[in-house]
Each structure stands twice: as structure tokens, then as C-alpha cells.
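1. Provided below are the primary sequence and the corresponding predicted coordinates.
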Amino acid sequence: MSVIPALLHVLQGNTYFAAEQDNKVSILSHFRFFHHKTLKCNRFAWSLTTFPRSRSLRLRGSPPDAQLLRTAARLITQALVTLAWEAGLLLHAIERQRERVTGQAMDRLQYLYDSVFRILLILLVLGNPAIMPAEARCGRIPAGEPGSTIFLTFENDIVAGTDYGYTGGAQVSWISPELHRESPRGRRSALVRLPLMNEPGYRRNISISLGQMIHTPRNIEYPGVIDDDRPYSGITYVSVGVHRMNARIQDTISFAMGILGPHSYAEYLQDKAHDTFKSVKPNGWENQLGDELLLNVYVERKWRTARCRVREHLEMDVISFLGISLGNALSAGNTGFQARLGPELPHDFGTYPIHPGFRNSSPMSGEDPRFFRKLPDLSLHVFAGVSGYAVARDITLDGNSFQDSHRIEKEPFVLETTAGLGILFSRFKITYAHAYRTPSFKEQHRGQAFGSVTITYSF
């Protein structure tokens, strides 16, 4: 029986409850279709936990709604992972048709898909309510207020079968624990003199980020300048942000300083990556934009415009945002929203692709699902969002500010859509977002897609 009919079975109440006689592990739910059934996902298959019916006890009355919804959420999780795996295989088949990628590179890509999928399966098994001890299900004990949070974000367009435009990026960030208005000695902290820090009723943090973004034209084999395509460019930057938030809003002011040009070492890193995966070597980096110091400031506000319970164990929220970026790297305004749906939504303000100003998505309170002492459990949520940008200056398209360089006419308005999955596991939050961005310059005849993976750990 496939996942979807099985889910319908559960919603119809065809559920068994059982208890282990040794009193070490109690089985919360036992489904008839689990008996001698195997859920197959293309070439890779796994067996769901099965139990002899002789050890199951039929309970009188209707099963509790909480358990029913929890079970349904697990099945939805497994269905979504199956769909994600099928999408990965489809992308893999598309990549096979690309003549510029060798068979060895595709074998490595297939190995990467297999490895990621096996990790997801392990998390699903660990999070299955059928194998969780009773003490992990009967209640969760708050483990205190959140401390610092570490973010790792990796982005690449290989998931879309391309190798041009915004072709790759990476960012590592650290978010401080809550900063208090008073020092331990009772004196007023100097931090209250900073913007956003002088009002009561907010949780305050600072952030430090280090990142890199790489842009290339479509034909990376051509060694000369391509007049009707974007220039080669690489940006390496560090940013410091100040954040405040409560249950409804989050404000951010971020200051970034970076380097554009050869000393960003984007050429070196892309060459190494292409050598490792035996891909086509980019031959036009001699024409990249020249060295230039970058200074930017970014201000943004997010609102949690809606949060509700669709069911007892199913939540939904909507986060909208409005921001502006000023500087020689990027001068633009942006607005948009992100919607999330899942059984246990994180208490933060969403997860987004790499952005000129760091977007803080650390837990805002100890009530976040990541801050309960329990054995490894898994919670999955889905999200989708739309962002719009009005661009006055983009140095990767407009070229160097103080010297002659390759440049191209940009589009003044750009739209970006994202959709993805988020997994909460212990103190980890792992998200994958598939983003699509409309053309950024006039001669770009179609938009670009890329994937963004973010891994966070909260102390």
C-alpha cells in the first residue's frame, strides 16, 4: 500500500494501539498496512517497523485525536521525503543530458543524492513514534532559554542543471545569546546605545557573518568578454548585525564590508570545485570585475502577520517583511512574505536564501521545539515564499564604481520565489529551499533556479 492510501486509512480511524509487556517501550500506533509491507522509493527501499498482531491489543472507543494527528503528520513526512527523492532523480536524469558534465561527475552527484536520502531515512526512523520510549512522548521538559546559534548556508545552481548566473554562494554566521539591558553588576549596558537596543520588551542579539557569492556568464568556456551577458564577479564579505524581536516583529540593522574582484578568491574556489567534480573549467575569469572595497548597510523589519492552529497538532504562520539596502554593492528595496505549515513550527522568523543583510532565524524563546529535553525526535514543516526587489544598483551587473569595467543593463524589478522543507531534529534545524529568480538583466531571456541548504544548531 502506498503512502497516500495509507494516510487515508489513518484518517478513517483504522488504527491499532498496543503496549509492550516488558514496559520498556510502548507502541503508540500500529497500522494494519504496516504488516509485511515495504514502502519503496524508486531503487532505494526501506521497511517500516512491523509488529505481530498477536502482541497488539484492540482498544475500545475512538483513538485520541492527538495520536491520530501525530501519526498523520509522520505519514505526510514520509510522503514528502518520497516526493523529494523522486524530484532529485528527475534532476539527476536532466543532468545526464548535459554534455558538459562527465560520467564521473554524475556518479559523484548520484552518490551525494544517495547519501543525503539515507540520512533523511535515518532521521525518519529515529522520529517514528512507534519506536520512541514512553518518557519521550508523555511530556517535554523545557531546557531553558536559547543560547547562541550557528548557521551554515550553501547555495548552488547544480540542482537546476545550470552553471551560470548566480552559480554559487556560502555563508557561515553566529548569533549571540540574548543581550541584556543591564550588566551583571546592575549598571546600564553600553549596548543600549546601539540602534534597536534601547526599548524594553524585546529579545536582543548581535550576529557576525562571513560569506561569498559567485556570478558567471552563461558560456564559461569562452575566454573573452561576452558583451550581452553578465561579467564574472566574486564577492567575499563580513557583516555585523543588530537584531531585536518579540513574538510579533523582528528588526534588523546589518553592516557589511567586503571585497569584489580577484582578491575575493572566487576564481580559485570555483576552479577547485570544478576540478574536484571534473566539470568544465571556466576560462573567462581574466575578465572579472576589478578589486573594489564594498560597504553596505541593510535595514529590515519582519512581521508575523498570522499564526494559527489548523488542527490540534498542525500549525500555520505567515511572515511578511520589508527592507532596504544602501551601498556600492547593492542599493535596493525589497518586500515579500513566507508561509509555513507543519506540526511543530519553529519559534523563529523563517529561513531564507543568502541575502545582502543577514536574516536572523535563531529561536526567539525556550518554547521553540528545539529546546525540549527528549530523545531524538523529528518534526518536518513545509514553507513557500515570494520576494520582490526594486534595484537601483547591483555592482555585479553595473560594474566597478570607480574604473572602467564590463557592465550590462539590469532589470529594475526582480521577483524571487522559494519553496522547501524544514526539519527540526534535536537542536538542529535543516532546511532546503528551491528558489527561482526572474531575469536580472535585459539580455537574460529566462530566469534562474538554484538550491539553498541551511543547517543551524542552537546551543
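-> Great, that's in hand. Numbers count the residues shown, from 1 in each chain.
2. remind me, longest strand of this protein?
-> Criterion DSSP state E: the longest strand present in the chain is strand 292-311.
3. In its sheet, which strands sit next to it, and in what direction?
-> strand 249-260 (antiparallel), strand 314-327 (antiparallel) (DSSP bridges).
4. Can you list the buried residues in that strand?
-> Within strand 292-311, the residues that count as buried by 16 or more other CB atoms under 10 Å are 292, 294, 296, 298-300, 302, 304. C-beta coordinates here come from the backbone N, C-alpha and C atoms, glycine included.
5. any chance of those in CSV, plus distance to D228?
-> Formatted as CSV, these follow (distance: CB to CB, whole Å):
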residue, distance to D228
E292, 23
L294, 26
N296, 28
Y298, 31
V299, 35
E300, 34
K302, 38
R304, 43
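6. Nearest to T167 among the residues you listed?
-> Checking those against T167 by CB to CB gives L294 as the nearest, at 19.2 Å.
7. re earlier: any idea which of the strands paired with strand 292-311 gets closest to Y457?
-> Comparing the strands paired with strand 292-311 under CB to CB, the one sitting nearest is strand 249-260, at 20.1 Å.
8. What pairs with whatever helix or strand Y389 lives in, parallel or antiparallel?
-> Here Y389, judged by DSSP states H and E, is contained in strand 378-394. Strand partners for strand 378-394, identified by DSSP bridges, are recorded as strand 330-342 (antiparallel), strand 413-425 (antiparallel).
9. Show me what the first one is in contact with.
-> By that I understand strand 330-342. Residues outside strand 330-342 that contact it (CB atoms under 8 Å, 6 or more residues apart in numbering) are 73, 296, 300, 305, 310, 314-325, 350, 352, 356, 379-395, 416, 418, 422.
10. re earlier: and the average pLDDT for the longest strand of the chain is what?
-> The average of the pLDDT scores along strand 292-311 is 93.
11. May I have it as PDB, with CA atoms only?
-> Provided in PDB are the C-alpha atoms of strand 292-311 (Å, rounded to 0.1, in the frame of the first residue of the first chain):
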ATOM      1  CA  GLU A 292      36.800  47.300  -5.100                       C
ATOM      2  CA  LEU A 293      36.100  47.700  -1.400                       C
ATOM      3  CA  LEU A 294      32.400  47.200  -0.700                       C
ATOM      4  CA  LEU A 295      30.400  48.900   2.100                       C
ATOM      5  CA  ASN A 296      26.700  48.300   2.600                       C
ATOM      6  CA  VAL A 297      24.000  48.800   5.200                       C
ATOM      7  CA  TYR A 298      20.800  46.900   5.300                       C
ATOM      8  CA  VAL A 299      17.600  47.500   7.400                       C
ATOM      9  CA  GLU A 300      14.700  45.200   7.500                       C
ATOM     10  CA  ARG A 301      11.500  44.600   9.600                       C
ATOM     11  CA  LYS A 302       9.600  41.300   9.700                       C
ATOM     12  CA  TRP A 303       6.000  40.900  10.900                       C
ATOM     13  CA  ARG A 304       4.400  37.600  12.000                       C
ATOM     14  CA  THR A 305       1.100  38.600  10.300                       C
ATOM     15  CA  ALA A 306      -0.700  35.400  11.000                       C
ATOM     16  CA  ARG A 307      -0.300  32.300  13.200                       C
ATOM     17  CA  CYS A 308      -3.000  29.700  13.900                       C
ATOM     18  CA  ARG A 309      -3.600  26.100  14.600                       C
ATOM     19  CA  VAL A 310      -5.200  24.300  11.600                       C
ATOM     20  CA  ARG A 311      -5.600  21.200  13.800                       C
END
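12. follow-up on the earlier one: need the strands paired with strand 378-394 in CSV with mean pLDDT, distance to P262 and mean neighbour count, can you?
-> Shown next, in CSV, are the strands paired with strand 378-394 (pLDDT from 0 to 100; distance: least, CB to CB, whole Å; neighbours: other CB atoms under 10 Å):
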stretch, mean pLDDT, distance to P262, mean neighbour count
strand 330-342, 95, 20, 19
strand 413-425, 94, 27, 19
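13. Mind checking those strands for the one nearest to F402?
-> Nearest of the strands paired with strand 378-394 (CB to CB): strand 330-342, 15.9 Å.
14. can you pull the alpha-carbon coordinates of that closest one into PDB?
-> Coordinates of the C-alpha atoms in strand 330-342 are reproduced here as PDB (Å, rounded to 0.1, in the frame of the first residue of the first chain):
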ATOM      1  CA  LEU A 330      23.600  46.800  -3.700                       C
ATOM      2  CA  SER A 331      21.100  49.600  -3.400                       C
ATOM      3  CA  ALA A 332      17.600  48.100  -3.500                       C
ATOM      4  CA  GLY A 333      14.300  47.800  -1.700                       C
ATOM      5  CA  ASN A 334      12.500  44.500  -1.100                       C
ATOM      6  CA  THR A 335       9.300  43.200   0.300                       C
ATOM      7  CA  GLY A 336       7.600  39.800   0.500                       C
ATOM      8  CA  PHE A 337       6.300  37.000   2.700                       C
ATOM      9  CA  GLN A 338       6.800  33.400   3.700                       C
ATOM     10  CA  ALA A 339       4.200  30.900   4.800                       C
ATOM     11  CA  ARG A 340       4.900  27.800   6.800                       C
ATOM     12  CA  LEU A 341       2.900  24.700   7.700                       C
ATOM     13  CA  GLY A 342       3.800  21.800  10.000                       C
END
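15. gap between the nearest residue to E315 once chain neighbours are set aside and M316?
-> Excluding the flanking residues, the one nearest E315 by CB to CB, 6 or more residues apart in numbering is L345, at 4.6 Å. Distance, L345 to M316, by CB to CB, to the nearest Å: 8 Å.
16. the more surrounded of those two?
-> Applying other CB atoms under 10 Å to L345 and M316 shows that L345 carries more neighbours, namely 21 against 16.
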